[in-house]
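Undergrad: generate a structure from the sequence data that follows.
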Amino acid sequence: MPLVSVCIINYNGARDIPRCIDAVLGQDHKDVEIIVVDNASTDDSRKVLQKYKENVNIILNDSNTGYCAAANAGLRISNGAYFICMNPDVFLEPGFISRALNAFVADPKTGSVTGKLLRFDEGGSTKTDIIDSTGIVINLAYRLRNRGSGEPDTGQYDDQREVFAVDGAAAMHRMEMLEEIKEGDEYFDELFFAYKEDADIAWRARKKGWRCRFVPDAVAYHVRNFQKGKRGSMPDIVRVNSFKNRYILLLKNLSGARLITNALFIIPFEIALFTYTLIFDRKLLKAYSFIISNIKAIIKKRVA
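TA: Predicted coordinates:
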């Protein structure tokens, strides 16, 4: 059985992380190593993690380095042929890993797999039949969305199929693919800090001939704190990072030909975004400032 490395990236997840770790330990695929990267949590996370020190490799960061840098830290000490990067508020059902592995074995060019993510309620206590993600899809304006998000699960997405990207809340990758798309010493681009890095991984991998696959019988549950319609409740750092990362994603990966082909969809959407920012959310102007300040570093990472 192949070794699977599971990296849980934690920031103030003391409530959820015991259940997250226990769910990994309870997988029917037993050849698993667990790595937890704690991004300077200020709750009881580190006290909780000490209870698992016999079963878990723990990295304690002195500051919040972000999701991407934490994932890279986990990758550098991992030994598996496959790598799962996940949030502490995701709980894998017992067959998640073995069923995801079957998809990798069936197609040697599958580089990433996502399962069916359903939602826990916001209190983190009750499973629901509401879909969180069945993979990430992208439209003609290059706007990303989680397929099926917010819909009741009635089996409408129970077909295994290719998707654009896998949701970073519980993403499983083939290490061979990650090594091939590595940029310098970074697997995950640390300019992103957090959010949309999952789409960047997928886009870079596609240019190398790799595919992303949704596997419906690999099931997990996710306590999604930031949902559609609740934008106003998001911290500024979350909104700014998510907003700026759209432009890093496009500047790195979108070809000139595609830009011209889809201009009639992209330009109106960008005008709408900029207008919204000026009128309703001027704090997002920080995102444009970041892009301008880092444009050389971003363009340097463009993949042909």
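Undergrad: how is this protein divided into domains?
TA: As given by automatic domain parsing, the domain ranges for the chain are 4-222, 231-300.
Undergrad: need the winner for burial among those domains.
TA: Among the domains of the chain, ranked by average contacts under mean count of other CB atoms under 10 Å, first place goes to domain 4-222 (a mean of 19). (C-beta placed from N, C-alpha, C; glycine too.)
Undergrad: now do that one: distance from first to last residue.
TA: Using CA to CA, to the nearest Å, the end-to-end distance of domain 4-222 comes to 21 Å.
Undergrad: so how far is it from its chain's centroid?
TA: Distance of domain 4-222 from the chain centroid (CA atoms, centre = their mean, to the nearest Å) equals 6 Å.
Undergrad: just put the domains of the chain in a markdown table and tack on mean pLDDT.
TA: Below are these laid out as a markdown table (pLDDT from 0 to 100):
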| stretch | mean pLDDT |
| --- | --- |
| domain 4-222 | 97 |
| domain 231-300 | 93 |
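Undergrad: strands of the stretch 51-200 of the chain, start to end?
TA: 56-60, 82-86, 90-92, 110-120, 127-133, 136-138, 144-146, 161-163, 170-174 (DSSP state E, counting those that start in this stretch).
Undergrad: can you say which of those is nearest to E180?
TA: Nearest to E180 among the strands of the stretch 51-200 of the chain is strand 110-120; the distance by CB to CB comes to 8.4 Å.
Undergrad: parallel or antiparallel, which strands does the closest one pair with?
TA: strand 127-133 (antiparallel), strand 170-174 (antiparallel), strand 211-222 (parallel) (DSSP bridges).
Undergrad: for those strands, give me CSV that also has distance to S45.
TA: Formatted as CSV, these follow (distance: least, CB to CB, whole Å):
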stretch, distance to S45
strand 127-133, 23
strand 170-174, 19
strand 211-222, 18
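Undergrad: so for K296, which of these sits nearest?
TA: Judging these by CB to CB, what sits closest to K296 is strand 170-174, at 28.6 Å.
Undergrad: alpha carbons of the closest one, in CSV - could you do that?
TA: This file holds the C-alpha atoms of strand 170-174, laid out as CSV (Å, rounded to 0.1, in the frame of the first residue of the first chain):
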residue,chain,number,x,y,z
ALA,A,170,-9.3,18.6,1.4
ALA,A,171,-7.1,18.2,-1.6
MET,A,172,-5.2,15.0,-2.5
HIS,A,173,-2.2,15.3,-4.8
ARG,A,174,0.2,12.9,-6.5
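Undergrad: tell me what A220 is bridged to.
TA: Beta bridges link A220 to L92, L117, judged by DSSP bridges.
Undergrad: hmm, I typed the wrong one, I wanted V215.
TA: For V215, the beta-bridge partners under DSSP bridges are G115.
Undergrad: contact partners for it?
TA: By CB atoms under 8 Å, 6 or more residues apart in numbering, the residues touching V215 are R99, A100, N102, A103, V113, T114, G115, K116, Q160.
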